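Colleague: compute the structure for the input listed below.
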Amino acid sequence: MVFVKSPDDKTLILNLNPSTTTLQALSLHIQRNYLIPISQQRLYLSPRLLSTPGNGAILLSHLGVAPNSTLTLHVPFLGGMQAPVAPKGRLEFLSTKPPPNYVAGLGRGATGFTTRSDIGPARAAPDLPDRSAAAIGAAGPAGVGRGRGKGPAEEDEEEENEEKGYDENQKFDEFEGNDAGLFASAEYDDEDKEADAVWEAIDKRMDSRRKDRREARLKEEIEKYRASNPKITEQFADLKRKLYTLSTEEWDSIPEIGDYSLRNKKKRFESFVPVPDTLLEKARQEKEHVSALDPKSRAAGGTETPWAQTPVTDLTAVGEGRGTVLSLKLDRLSDSVSGLTVVDPKGYLTDLKSMKITSDAEVSDINKARLLLKSVTQTNPKHPHGWIAAARLEEVAGKLQAAQQLIKKGCEECPKSEDVWLEACRLASHVDAKAVIARGVKAIPNSVKLWMQAAKLEQDDVNKSRVLRKGLEHIPDSVRLWKAVVELANEEDARLLLQRAVECCPLHVELWLALARLETYENAKKVLNKAREKLPKEPAIWITAAKLEEANGNTAMVGKIIERGIRALQREGLEIDREMWMKEAEASERAGSVATCQAIIHNTIEVGVEEEDRKRTWVADAEECKKRGSIETARAIYAHALTVFLTKKSIWLKAAQLEKSHGTRESLDALLRKAVTYIPHAEVLWLMGAKEKWLAGDVPSARAILQEAYAAIPNSEEIWLAAFKLEFENHEPERARMLLAKARERGGTERVWMKSAIVERELGNTAEERRLLDEGLKLFPSFFKLWLMLGQLEERLGNLEQAKETYELGLKHCPNCIPLWLSLAHLEEKVNGLSKARAVLTMARKKNPQNPELWLAAVRAEARHGYKKESDILMAKALQECPTSGIVWAASIEMAPRPQQKTKSRDAYKRCVDDPHVLAAVGKIFWHDRKVDKARSWFNRAVTLAPDVGDFWALYYKFELQHGTEETQRDVLNRCVAAEPKHGEKWQVISKAVENSHQPTEFILKKVVVAIGKEEQAAENGKN
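Modeller: So this is what the prediction gives:
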């Protein structure tokens, strides 16, 4: 490939190989494609001229031309006197030495001044030719002009210039170079004319090549300009379209535009004079209505009107004049060439529907619209919407007969418009409507709308079916008519009709599927095979065939049919849309075809999914199906995913959760058995299986599962603790002791020692409990729960000093343990009073800043002793230090006076959006205000956000006991049992009490409700 730079500064691309192309071939290629003769081509490679007579047969590569080289093409002007100079990157004179005696700016008349010191070496400036228009246009002396030859002086000057190598009198032109002055005195001969013709042809050719591009660019620029500078009418087009929403009152309220020109702003002299009584009397007489003739009129027989009673103002003439003016205006709106109106009558069809006459002004508007539509129907009588608009206007005005006459005339003028016939049928009475529609279907026998309207006019199904069948005689390929007539027929007639329908409309799949549903099993297969031949790209046929096999018990064929159908559709070039097939699977599930649903998922779930995205995509699809209630579809997705990802614990857990929520115990047990077969080291799967057996009441099976789990994972602490819990909750303390003893021997963690102490506490073995706690603390001194249990043991035994020492020793090992600080503060308050408790809580806050539980404990301690002011101060500080703590804001709402609680709750919700403590506090406010629905909504949000906090469930249940029904109470109770809450300030106090250790969640919930009631009653008594 070689690049050539042309004289018009364009780059020509020549697909030539320099190693096989000669200079002569290159010149011929340029002449053939760009119409530049070889004799006028001057090719340069950098400063070197290639177009010499001896180089024609030499290869370009031998001349130094490499691939992708750029050559420069020069075309000499015919008759020129100076050889072309190879172009350079910058102007040549800027890099050459200036001529002798060169004075800058002298050529443009910017001559400098000279001093006496300059007179010696200075020379006079050379005489430059005058290139002004006056000098060129002026007549020269005789014998001077074009073709006059050269004088002796000129010949001497030319010889001198040739010796110098340049002409110092020649003016350099920036755009044309030194050629500007070469042809000023040359003769314009035939060769010049021919050269100009060649260049003009080249220019035309180049211009034609750029014409389409230039026009496209110009069009794009015009569109951009119009987009950025739209017309006024275009700017307000959307507002004009919205004008139909304005009511009559809004139209009337629009002020009239006044004349704000300067000439009308001049103050004019206005005079007011009282109206004479004679004028008022005259006006009264003009508007007066009389019911009897005066004596003069009776004398004339009542045929003449006395001259004195003739009104001065002829109102009839005025009305006629206004009508004439309006007709002239309407005529101006019409097209003077075609005679068609430019008023759009379609707008009236929607405007007139909501039009109601309520005032005289609207009556006048109707009259104007009537004249306008009359002009529309007169100028363009073949326009059906004009007749419809005129008829509806009369209908709105209450003139039904006039509307019927207008639409009748419209039917005569536009007999081929079904809209006109439908409007005429609507306006006609029930008796006449049948005759109107009969004329309509006679005029337009192929109109489906008219036949459907004719069927609607019939009362019984037999006549409707007769009309529709008559319509099918004229329009046998109308699917709408076939559907309507099939709906009216019984099952046997519908089957016969559908057989005929699929013959007339073979490309409509709904008719084929409806026929297959009505046929027997064998005939339905034949129908579907025919449908598949007619519609090879329709997936619904294959899905219906699979449903048919499933309905007849051939579930083994379902998967084969779906697989074969997908392959056939792919052969036909149909792209398999994964989302569409998944929707079909959900539809099959809703129709009861579970096997079809599973087959569709199995064959299409992998379509269009990258290998690395399969797990994430499939799990997301299953979760979406689960949200939509498509459980079988989600189960099928998980089943297919588990065949691909056999060792992915997360997918097994998702599938197990699905079975737990929507399956049976048997299906869940089978799934978990299969899961632990592939992932034997997954503790959670073993524990889930054991728990389900325990909840089902099958304790031996749960023991067996845990034994298998221990065999698979011998050193799992979770399995040891699960086995302990199973025995402990089923009142087998000796078994639980043995298990924990073995776990301690095998190097159990701190949780094993804690559970061992709990067992001894339940059994009342205080000494053994103390021994286990002491041994556990020696092994795990940083486990705060052992310190807490030891301190609580001392408190139960009455050893308060030992308990205090235990808490203090525990805080040395666990200075950041909040429960230990709270227990020590509570003990100090009980033994030594508030002052010691204050000191403990202050120390705790210094070591654990920004802890809301410590601040709340300090506030409540002050409140318990009646120091309300101190508690308020502490609460303010707590809100400053913990501004986003929901538990502190909830306590602040409860402490605030009743009128300030709503303001507090608003501030709390802004600071702690969706915090369950704040939601429960706001729910209590609504509860006290008897706003039951709002309170229920806020409590429901709280337990949804924090289902593990039992205090919220207790509040919700107590609220439902007071304001709810048995159904809502049972619902809250069941939800709480399913959530199994473990936390909560009041909940833990009751659930961890020794006497309540084996009680179910329902019992704990009711006890917490009773405790909350007692606490509220005590607070109410304290206020009183």
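Colleague: how about stretch 661-675: buried residues?
Modeller: Going by neighbour count (16 or more other CB atoms under 10 Å), the buried part of stretch 661-675 is 663, 668-669, 671-672, 675. Using the backbone N, CA and C atoms, a C-beta is placed for each residue, glycine as well.
Colleague: and what of stretch 419-426?
Modeller: Under 16+ other CB under 10 Å, the buried positions of stretch 419-426 are 420-425.
Colleague: which residues in the protein form strands?
Modeller: 2-5, 11-14, 42-45, 48-49, 70-74 (DSSP state E).
Colleague: quick one on the thing from earlier: and which of the buried residues of stretch 661-675 is nearest to Val859?
Modeller: If you rank those by distance to Val859 using CB to CB, Leu668 comes first, at 47.8 Å.
Colleague: who touches the closest residue to Ile36 other than its chain neighbours in this structure?
Modeller: Using CB to CB, 6 or more residues apart in numbering and skipping residues adjacent in sequence, the residue nearest Ile36 is Ile30, 5.6 Å away. Neighbouring residues of Ile30 by CB atoms under 8 Å, 6 or more residues apart in numbering: 4, 12, 14, 36, 38, 41, 73.
Colleague: please repeat the previous calculation with a cut-off of 10 Å.
Modeller: Listed by CB atoms under 10 Å, 6 or more residues apart in numbering, the contact partners of Ile30 are 4, 6, 12, 14, 36-38, 41, 43, 71, 73.
Colleague: now render the residues you listed as CSV, adding neighbour count.
Modeller: As requested, those are exported to CSV (neighbours: other CB atoms under 10 Å):
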residue, neighbour count
Val4, 20
Ser6, 17
Leu12, 16
Leu14, 15
Ile36, 20
Pro37, 11
Ile38, 13
Gln41, 20
Leu43, 22
Leu71, 21
Leu73, 21
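Colleague: out of the residues you listed, who's nearest His640?
Modeller: Leu14 (61.1 Å).
Colleague: in the stretch 351-500 of the chain, where is pLDDT below threshold?
Modeller: Applying pLDDT under 70 to the stretch 351-500 of the chain flags residues 351-364.
Colleague: mind doing that once more with 80?
Modeller: Scanning the stretch 351-500 of the chain for pLDDT under 80 picks out the ranges 351-366, 430-431, 461, 465, 472, 477, 481-483, 485-500.
Colleague: all helices of it, in order?
Modeller: Along the stretch 351-500 of the chain, counting by DSSP state H, counting those that start in this stretch, helices occupy 360-379, 384-396, 400-413, 418-427, 430-443, 448-457, 461-474, 479-488, 491-504.
Colleague: which residue ranges form the helices in the stretch 751-900 of the chain?
Modeller: Going by DSSP H, counting those that start in this stretch, the stretch 751-900 of the chain shows helices at 766-779, 784-797, 800-813, 818-832, 834-847, 852-864, 868-881, 886-895.
Colleague: looking at these, which is nearest to Val65?
Modeller: Short answer: helix 886-895, nearest of those by CB to CB, at 82.9 Å.
Colleague: mean confidence score for the closest one?
Modeller: For helix 886-895, mean pLDDT rounds to 91.
Colleague: which strands and helices sit next to that helix?
Modeller: For helix 886-895, the contact count by 3 or more CB pairs under 10 Å, 6 or more residues apart in numbering; DSSP states H and E identifies helix 852-864, helix 868-881, helix 901-911, helix 916-928 as packing neighbours.
Colleague: which outside residues touch the second one?
Modeller: Okay, so that is helix 868-881. Outside helix 868-881, the residues within contact range by CB under 10 Å, 6+ apart are 834, 838, 841, 845, 849-852, 854-865, 867, 885, 887-889, 891-892, 895-896, 907-908, 911.
Colleague: report the buried residues of that helix.
Modeller: Neighbour-count burial for helix 868-881, counted by 16+ other CB under 10 Å, picks out 870-872, 874-875, 878-879.
Colleague: widest-spaced pair of the residues you listed?
Modeller: Greatest spatial distance among the buried residues of helix 868-881 (CB to CB): Glu870 and Leu879, at 15.2 Å.
Colleague: quick one: which of the buried residues of stretch 661-675 sit in helices?
Modeller: Here DSSP state H is the test, and the buried residues of stretch 661-675 give 668-669, 671-672, 675 as lying in helices.
Colleague: which non-adjacent residue is nearest Phe3?
Modeller: Spatial nearest neighbour of Phe3, excluding adjacent residues (CB to CB, 6+ apart): Thr70 at 4.4 Å.
Colleague: now do the contacts for that neighbour.
Modeller: Per CB under 10 Å, 6+ apart, neighbours of Thr70: 2-5, 11, 45-46.
Colleague: what sits against Val922?
Modeller: 890, 893, 901-902, 904-906, 908-909, 934-935, 937-939, 941-942.
Colleague: mind checking which of the residues you listed are buried?
Modeller: 890, 893, 901, 904-905, 908-909, 935, 938-939, 941-942.
Colleague: redo the buried residues of stretch 419-426 as JSON lines? Include distance to Trp686.
Modeller: Shown next, in JSON lines, are the buried residues of stretch 419-426 (distance: CB to CB, whole Å):
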{"residue": "Val420", "distance to Trp686": "79"}
{"residue": "Trp421", "distance to Trp686": "77"}
{"residue": "Leu422", "distance to Trp686": "73"}
{"residue": "Glu423", "distance to Trp686": "76"}
{"residue": "Ala424", "distance to Trp686": "80"}
{"residue": "Cys425", "distance to Trp686": "76"}
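Colleague: returning to that earlier point: so which of the helices and strands packed on helix 886-895 is nearest Ile651?
Modeller: Here helix 916-928 is closest among these (CB to CB), at 31.3 Å.
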